[in-house]
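*Asks:* Predicted model and sequence follow; I will ask about them next.
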Amino acid sequence: MSDEIHAQASAPPGAAPPPGLEEVRREMGIPSQDRALRGQRDTVGYASRAAQMDSVWRLSALPPAPESLGAAPRAGVVAVMAPHDDYLYAGRVYRRVLPLITARTVVLVGVFHRYRRFGLRDRLVFDDYRAWRAPDGPVPVSGLREEITSRLPAGDFVKDAASHDSEHSLEALVFWLKRVRPDLEIVPIIVPASSFPRLEELSRRLATALTAALSARGWQLGRDVAIAISTDGIHYGPDFKQTTFGEGGIEAYEKAAEKDRSLLLGPLSGELTREKIQALYSTFVDPENPDQYRWTWCGRFSVPFGLLLLDQLARSAGTAVGHPIAYATSVGAPELPLRELGLGSTAPANLYHFVGYPAAAFTIEPGRSGAKR
């Protein structure tokens with residue numbers, strides 16, 4: 001899966017027509033069924049059967065724990081940021097952060113790795129399925145999706161099943177959230193390339209639409225609905241065209257991991273502000289040419305957008321506050337022993353090809369809504 005970042009970066013825009021449903025579904029481990037049920041893109045790196053998910057859940061709680069970056073807030077948070085790499089690499093980090101969401105309805109903000117292949121940018125991409133497949137049973141798509149999209153300008157979004165069938169960054173989180181909350185409902189969104197001003201515009205309008213829908217239902221952020229932002233951290237090595245500290249090896253690994261930690265402990269920590277979010281965006285991409293990576297987090301658009309959305313939603317109640325929780329990498333700890341259960345890896349893991357796994361949670365502190373944003 002992590003190899004897709006390289007394929008995306010090197011794909012020439014407009015090289016071919018966007019792939020259709022039939023083509024995309026041939027690539028799925030478990031193909032989708034019309035519009036009734038989205039299938040599963042990846043059946044190698046992620047669990048596809050309940051027994052596999054049982055083992056993933058149990059084994060991910062065992063040592064060694066991922067590096068702790070701070071105390072986790074109490075469960076019931078308004079948002080989390082979590083990785084989406086193979087469970088045998090990143091499972092311990094998923095386990096630290098995703099159970100902090102207890103809301104039944106989760107707005108998922110994911111990566112659109114192949115946005116150029118689909119010719120999509122500057123718009124939010126919703127699905128149009130009634131439910132998503134998960135190892136523990138189907139996960140319904142919330143009626144919030146239709147309420148939200150009915151309030152958005154037509155130019156702000158598309159509904160495209162093929163785009164979602166091509167993407168793995170949300171299903172990875174859904175399976176864990178379903179385990180935490182069996183009656184889970186979701187609103188899946190993937191975010192293609194956009195300028196920072198466009199992300200601000202999209203987040204404001206989505207926040208307005210979502211606030212109206214929540215108000216009509218008497219719902220509260222954190223209690224009834226939460227946000228889950230999907231991203232892996234640094235993708236390092238020549239395969240990813242990321243050699244800031246050299247092609248690889250111990251020194252490059254340590255420096256790359258330290259830079260990821262500095263993002264978690266810096267702009268992703270404490271009071272959430274526009275300046276911090278913009279700093280993240282400018283760290284990940286060239287603001288004048290957003291297609292051009294600087295620091296290769298695949299969530300270069302999902303993270304800024306998700307945080308901008310959270311900032312807007314939090315304003316009536318206070319201020320969103322970030323809590324860095326954990327960090328790990330694909331080479332920093334032993335794999336979870338899942339291969340004999342039928343799970344595997346979708347990309348290599350070594351000092352010349354490694355991926356970071358950041359985890360953070362977000363709460364709202366009341367009484368600080370007047371703070372500078």
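*Replies:* Great, that's in hand.

*Asks:* where does Gly370 land on pLDDT?
*Replies:* With respect to pLDDT, Gly370 scores 46.

*Asks:* Residue ranges in the protein under the pLDDT threshold?
*Replies:* Residue ranges of the chain with pLDDT under 70: 1-15, 368-373.

*Asks:* center of it, which residue is that?
*Replies:* The geometric centre of the chain, computed from its C-alpha atoms, lies nearest to Ser230 (C-alpha atoms, centre = their mean), at 0.8 Å.

*Asks:* What are the phi and psi values at it?
*Replies:* Main-chain dihedrals, Ser230, degrees, to the nearest 10: phi -100, psi 130.

*Asks:* what bridges to it?
*Replies:* Here Ser230 sits in beta bridges with Ala82, as judged by DSSP bridges.

*Asks:* surely it meets Val111?
*Replies:* Yes. Contact criterion C-beta atoms under 8 Å: Ser230 and Val111 qualify, at 5.9 Å. (Each C-beta comes from the backbone N, C-alpha and C, glycine too.)

*Asks:* who touches both of these two?
*Replies:* Here Ser230 and Val111 share the contacting residues 84, 169, 299, 302, scored by C-beta atoms under 8 Å, 6 or more residues apart in numbering.

*Asks:* Show me which of the residues you listed is closest to Gly155.
*Replies:* Distances from Gly155 to those, taken as C-beta to C-beta, are shortest for Ser302 (20.0 Å).

*Asks:* what number of residues lie near that closest one?
*Replies:* Applying other C-beta atoms under 10 Å, we find 27 residues neighbouring Ser302.

*Asks:* For it, give me its contacts.
*Replies:* So Ser302 contacts 109-112, 169, 190-191, 229-231 (C-beta under 8 Å, 6+ apart).

*Asks:* Please narrow those residues to those residing in strands.
*Replies:* 109-111, 190-191, 229-230 (DSSP state E).

*Asks:* Pick the one among those closest to Arg133.
*Replies:* Of those, the one sitting nearest to Arg133 (C-beta to C-beta) turns out to be Gly110, at 16.1 Å.

*Asks:* Does that closest one touch Leu170 like I think?
*Replies:* Yes. In this structure Gly110 lies within contact range of Leu170 using C-beta under 8 Å: 4.1 Å.

*Asks:* what are the ranges of the strands in the stretch 51-200 of the chain?
*Replies:* With strands called from DSSP state E, counting those that start in this stretch, the stretch 51-200 of the chain shows them at 67-68, 79-82, 105-111, 124-126, 131-132, 139-140, 157-159, 185-191.

*Asks:* Reformat the ones in strands among the contacts of Ser302 as a markdown table; add distance to His353.
*Replies:* Below are the ones in strands among the contacts of Ser302 laid out as a markdown table (distance: C-beta to C-beta, whole Å):
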| residue | distance to His353 |
| --- | --- |
| Val109 | 27 |
| Gly110 | 23 |
| Val111 | 19 |
| Ile190 | 25 |
| Val191 | 25 |
| Ile229 | 24 |
| Ser230 | 21 |
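
*Asks:* Show me which pair in the residues you listed is furthest apart.
*Replies:* Ile190 and Ile229 (11.5 Å).

*Asks:* Mutual contacts of these two, please.
*Replies:* Shared contacts of Ile190 and Ile229, defined by C-beta under 8 Å, 6+ apart, comprise 109-110, 302.

*Asks:* would a markdown table of these with distance to Ala72 be doable?
*Replies:* Output for these, formatted as a markdown table (distance: C-beta to C-beta, whole Å):
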| residue | distance to Ala72 |
| --- | --- |
| Val109 | 20 |
| Gly110 | 22 |
| Ser302 | 22 |
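
*Asks:* ok, back up a step: what residues are up against the residue nearest to the centre of the chain?
*Replies:* So Ser230 contacts 81-84, 108-111, 169-170, 172-173, 299, 302 (C-beta under 8 Å, 6+ apart).

*Asks:* ok, and the most crowded of the contacts of Ser302?
*Replies:* Neighbour counts for the contacts of Ser302 (other C-beta under 10 Å) peak at Val109, which has 32 neighbours.

*Asks:* quick one, phi psi at Gly299?
*Replies:* The phi and psi torsions at Gly299 (degrees, to the nearest 10) take the values phi -90, psi 40.

*Asks:* and it, how many neighbours does it have?
*Replies:* 25.

*Asks:* Name the nearest residue to it, sequence neighbours excluded.
*Replies:* Excluding the flanking residues, the one nearest Gly299 by C-beta to C-beta, 6 or more residues apart in numbering is Thr231, at 2.4 Å.

*Asks:* so the one you found makes contact with Pro358?
*Replies:* Yes. With contact defined as C-beta under 8 Å, Thr231 reaches Pro358; the gap is 7.0 Å.

*Asks:* hey, what's in contact with both of the two?
*Replies:* Jointly contacting Thr231 and Pro358 under the rule C-beta under 8 Å, 6+ apart are 81, 83.

*Asks:* Compute the number of surrounding residues for Ser345.
*Replies:* Ser345 has 19 nearby residues by other C-beta under 10 Å.

*Asks:* Could you do Pro64 as well?
*Replies:* Pro64 has 10 nearby residues by other C-beta under 10 Å.
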